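Asks: give me coordinates for this.
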Amino acid sequence: MMTATHFAFFDEGSKKEIRRATLKAVAIPGYQVPFASREMPIARGWGTGGLQLTLSLIGTQDTLKVIDQGADESVNAVSIKKLVQETTGVDLTEQTEAATLIQSRHRIPEVTLTEDQILVLQVPTPEPLRKVEAREYVTKRLHAEDEYSGAWLMLFEQIMKYGKTATGADHPVFVNHCYVMAPSPIPRFDNPKMHQSEALILLGAGREKKIYAIPPYTDVVSLAFEDYPFTVESFAGQHCHLCGAEDVFLDELIDEATGETYYQCNDTSYCMERLNSGERQEVVHNHG
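Replies: Numbers count the residues shown, from 1 in each chain. The predicted structure is shown next:
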């Protein structure tokens, strides 16, 4: 453990301020709580909001997992893990079930989270109305007045142009039947995992200086019209070419040698756990 810094990098005053904002966010599900975002030893836009939440909450008994778009070994994930581990000495893991604190960019793990876990999501743009209204004081008023016609209009325009909603990620959700919220750039596939989640979900935007939350067992419903219901990405008929998993979020890959398309689990630790535990199903080895 590094001795040149405070435990978990921040001084106690900074951690208390972030915790107070976090408590308010938990008390008002989906509400964006402003906070004094600190300077971090990583660039803004690379997860400073999520990292500040993690550093303010982590304790010596915690076990940390960090993923970036499903991968534990990406540069972003490795760098964040190194900073947290060197300033706290906590244990690191790639197993979702073993982690008490999970920080993620753009994905929710495939393994169902429990009430003993906290999921921290990194957020670039916390305001779901930003594409239709650039002024912060106006979006605050729109939230207060429950005026979300702009969000509905965005979806309507997509249907008129593409015949369906075309939000590849960050599809807006209603939280606790009150606030429309940006779920972070997770794929639509992950939106249903937020609904009635046993785990506390915290979302941090360092550049925008906002913290918001989904407490355990909270209703989270993706915005959709009755005649154009919300749908997730479909991988029907496909499976992971390594572990054979189905009904998970898959990456579409191309074999450079043959040009053939095949699929692989986006959640790399989930895939490896299946392989190591012998859950591998019968799969076609030629990627066909």
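
Asks: Lys24 contacts Phe35, correct?
Replies: No. At 9.1 Å, Lys24 and Phe35 do not qualify as touching, with contact defined as Cβ atoms under 8 Å. The C-beta positions use only the backbone N, C-alpha and C, and glycine is treated the same way.

Asks: so who does the nearest residue to Glu136 once chain neighbours are set aside touch?
Replies: Sequence neighbours aside, Glu127 is the residue nearest to Glu136 in space, at 7.7 Å (criterion: Cβ to Cβ, 6 or more residues apart in numbering). Contacts for Glu127 (Cβ atoms under 8 Å, 6 or more residues apart in numbering) come out as 32, 136, 139, 182, 208, 210.

Asks: same check, this time on Gln61
Replies: Thr100.

Asks: which SSE is it in?
Replies: If you go by DSSP states H and E, Gln61 is not part of any helix or strand.

Asks: how close does it get to Ala8?
Replies: 13 Å (Cβ to Cβ, to the nearest Å).

Asks: ok, now Leu83?
Replies: Distance of Leu83 to Ala8, given as Cβ to Cβ: 10 Å.

Asks: tell me the buried residues in stretch 142-153?
Replies: 142-143, 148, 150-151 (16 or more other Cβ atoms under 10 Å).

Asks: I should have written stretch 118-133 there, sorry.
Replies: 118-124, 126-129.

Asks: confidence score at Pro215?
Replies: Looking at Pro215, its pLDDT is 98.

Asks: which secondary structure state does the residue lying closest to it once chain neighbours are set aside sit in?
Replies: Sequence neighbours aside, Val26 is the residue nearest to Pro215 in space, at 5.2 Å (criterion: Cβ to Cβ, 6+ apart). Classification of Val26 by DSSP: H, G, I helix; E, B strand; the rest coil places it in helix.

Asks: burial count for Val26?
Replies: Neighbour count of Val26, defined by other Cβ atoms under 10 Å: 20.

Asks: who's in contact with it?
Replies: Taking Cβ under 8 Å, 6+ apart, we find Val26 in contact with 200, 202, 213, 215.

Asks: which of those sit farthest apart?
Replies: Leu202 and Pro215 (9.7 Å; Cβ to Cβ).

Asks: who's more crowded, these two?
Replies: Neighbour tally, Leu202 and Pro215, criterion other Cβ under 10 Å: the higher count belongs to Leu202, 26 against 18.

Asks: in a strand, that one, correct?
Replies: Yes. According to three-state DSSP, the state of Leu202 is that of a strand.

Asks: do I have it right that Ser14 meets Arg38?
Replies: Yes. The pair Ser14 / Arg38 is scored as a contact, 5.8 Å apart, by Cβ under 8 Å.

Asks: poorly predicted segments of the stretch 151-288 of the chain, please.
Replies: Across the stretch 151-288 of the chain, the ranges flagged by pLDDT under 70 are 279-288.

Asks: so where do the strands sit in the stretch 51-200 of the chain?
Replies: Here the stretch 51-200 of the chain has its strands, by DSSP state E, counting those that start in this stretch, at 63-68, 91-92, 101-105, 118-122, 173-175, 179-181, 200-205.

Asks: could I get those strands as TSV with distance to Phe189?
Replies: TSV is the format used below for those (distance: least, Cβ to Cβ, whole Å):
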stretch	distance to Phe189
strand 63-68	15
strand 91-92	26
strand 101-105	14
strand 118-122	15
strand 173-175	13
strand 179-181	18
strand 200-205	16
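
Asks: and those: which comes nearest Arg19?
Replies: Comparing the strands of the stretch 51-200 of the chain by Cβ to Cβ, strand 200-205 comes nearest, at 10.9 Å.

Asks: closest one to Leu53 out of the buried residues of stretch 142-153, please.
Replies: Among these, and counting by Cβ to Cβ, the member closest to Leu53 is His143, at 21.4 Å.

Asks: for that closest one, give me the pLDDT.
Replies: 97.

Asks: list the residues that contact the closest residue to Thr139 other than its chain neighbours.
Replies: Closest residue to Thr139 apart from its sequence neighbours, by Cβ to Cβ, 6+ apart: Leu129 at 4.8 Å. Neighbour list for Leu129: 139, 142-143, 148, 150-151, 180 [criterion: Cβ under 8 Å, 6+ apart].
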